[in-house]
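> return atomic coordinates for the entry below.
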Amino acid sequence: MVGNFNEPFGPKWVEVVIVGKKLSAERASEIIRRTDGGFRMQLFPVSEYGQTVRDLVGFPKSPVGNTDRAKAHDSIARWQAKWGGISPQWLGNSQLLYNRGWCHADGTIAFAAELEDYPRANELLEDCKLLAAAFPDLDMTVAAWGEDKTILGFPLEDAPESPWPQTLLDNQIDPTFEFLISDGAAKVLPGENPALFKLRYGLDCPQAVEWALREARRCAKEAVSETAFGDRGYYPGLPDRIIHDWRRRAQSLGLVD
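Down below sits the predicted model:
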């Protein structure tokens with residue numbers, strides 16, 4: 001197996017591609033709700049929109065001037081337990097505030113970008129196990145390129161729009177590791193034999209990279225700017241129907257009246 005499973009991949013920035021079987025919009029709303037980083041900490045910078053949504057679902061507020069981090073952490077932990085939230089270290093979503101993540105509002109499962117701060121393969125596997133246990137119907141593959149590798153030889157964000165020229169598809173390198181989430185379980189496979197995308201989704205690895213980037217870009221462009229819940233700030237995001245769903249869920253869980 002390429003790479004040291006228990007050590008950082010090498011570079012601070014690791015390229016990750018995620019491809020998965022599409023979900024219903026209702027299931028996507030549930031997954032985003034339970035994995036979004038906007039519900040993890042009180043001091044997270046939020047827009048007017050972000051704060052309004054937090055208030056609608058009863059997320060704990062931090063009193064002005066409060067510096068008791070342990071107390072704040074406990075209040076969020078109690079809220080998260082009722083909310084059903086989980087906190088993957090690397091593979092969460094940030095759709096609420098930043099229009100970023102692998103699960104999109106229409107049920108598309110796609111991601112092609114960098115993770116920063118030296119992720120480790122064993123940590124990615126633990127995230128995959130957490131997601132598999134929480135969402136047994138989730139079927140997706142996570143591929144990671146480490147050891148100073150880049151998929152295309154230049155940053156993914158600089159990749160052209162689809163369709164890609166054959167030379168770009170031909171010159172990609174194999175991932176360092178692949179992780180499969182399916183049937184409520186997760187496992188890791190060596191990246192030098194990247195048949196997993198083909199077996200699961202009918203795409204070879206270069207095609208999967210192109211597909212994931214194309215779909216992630218499409219979902220980002222289709223994110224809505226207009227909302228009834230205040231100024232979003234710089235980022236567009238989730239449709240209001242999802243926020244209404246979350247509000248009803250918070251009420252059913254006794255988090256708000």
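
> so where do the strands sit in this protein?
Remark: strands assigned in the chain by DSSP state E are 14-20, 110-115, 140-145, 177-182, 185-190.

> most tightly surrounded among those strands?
Highest mean neighbour count among the strands of the chain (mean count of other Cβ atoms under 10 Å): strand 140-145, with a mean of 26. Any C-beta I mention is one placed from the backbone N, CA and C, and that applies to glycine too.

> I'd like the average pLDDT over it.
Averaged over strand 140-145, pLDDT sits at 92.

> identify all contacting residues around it.
Residues from elsewhere that reach strand 140-145, judged by Cβ atoms under 8 Å, 6 or more residues apart in numbering: 9, 14-21, 91, 102, 109, 115, 119, 121, 124, 128, 151, 173, 175-181, 191, 194, 196-197, 200-201, 205, 208.

> given that strand, what are its sheet partners and their directions?
strand 14-20 (antiparallel), strand 177-182 (antiparallel) (DSSP bridges).

> now the ones you listed as a markdown table including distance to Arg248 and mean pLDDT?
Below are the strands paired with strand 140-145 laid out as a markdown table (distance: least, Cβ to Cβ, whole Å; pLDDT from 0 to 100):
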| stretch | distance to Arg248 | mean pLDDT |
| --- | --- | --- |
| strand 14-20 | 26 | 93 |
| strand 177-182 | 28 | 91 |
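
> output the lowest mean pLDDT helix or strand found in the protein.
helix 196-201 (a mean of 75; mean pLDDT, DSSP states H and E).

> same for that helix, what does it pack against?
strand 14-20, strand 140-145, strand 177-182, helix 205-222 (3 or more Cβ pairs under 8 Å, 6 or more residues apart in numbering; DSSP states H and E).

> mind putting these into JSON lines with distance to Phe39?
Listed next are those as JSON lines, based on distance: least, Cβ to Cβ, whole Å:
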{"stretch": "strand 14-20", "distance to Phe39": "21"}
{"stretch": "strand 140-145", "distance to Phe39": "22"}
{"stretch": "strand 177-182", "distance to Phe39": "22"}
{"stretch": "helix 205-222", "distance to Phe39": "20"}
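
> Val57: which of the ones you listed is closest?
Nearest to Val57 among the helices and strands packed on helix 196-201 is helix 205-222 (22.8 Å), distances taken as Cβ to Cβ.

> report the contact partners of Lys12.
The neighbourhood of Lys12, defined by Cβ under 8 Å, 6+ apart, consists of 116-118.

> dump the residues you listed into CSV; add neighbour count, pLDDT and distance to Gly50 as well.
Putting those into CSV (neighbours: other Cβ atoms under 10 Å; pLDDT from 0 to 100; distance: Cβ to Cβ, whole Å) gives the following:
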residue, neighbour count, pLDDT, distance to Gly50
Glu116, 10, 84, 22
Asp117, 10, 82, 23
Tyr118, 15, 82, 28
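
> hang on, the earlier thing: is it possible to get a markdown table of the strands of the chain that adds distance to Ala159?
Listed next are the strands of the chain as a markdown table, based on distance: least, Cβ to Cβ, whole Å:
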| stretch | distance to Ala159 |
| --- | --- |
| strand 14-20 | 11 |
| strand 110-115 | 8 |
| strand 140-145 | 14 |
| strand 177-182 | 20 |
| strand 185-190 | 25 |
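
> and of the ones you listed, who's closest to Gly254?
Nearest of those (Cβ to Cβ): strand 177-182, 30.8 Å.

> on that earlier part again, mind checking the helices and strands packed on helix 196-201 for the one nearest to Ala132?
That would be strand 177-182 among those, by Cβ to Cβ, at 4.7 Å.

> who touches the residue nearest to Gly38 when sequence neighbours are not counted in this structure?
Nearest non-adjacent residue to Gly38, counting by Cβ to Cβ, 6 or more residues apart in numbering: Leu96, 3.6 Å away. Residues in contact with Leu96, defined by Cβ under 8 Å, 6+ apart, are 32, 36-39, 50, 53, 237-238.

> any chance of the residues you listed in TSV, with distance to Trp83, neighbour count and pLDDT too?
Shown next, in TSV, are the contacts of Leu96 (distance: Cβ to Cβ, whole Å; neighbours: other Cβ atoms under 10 Å; pLDDT from 0 to 100):
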residue	distance to Trp83	neighbour count	pLDDT
Ile32	12	23	98
Asp36	10	22	97
Gly37	13	18	93
Gly38	12	20	92
Phe39	7	24	93
Gly50	16	23	92
Val53	13	27	95
Gly237	19	28	92
Leu238	16	27	97
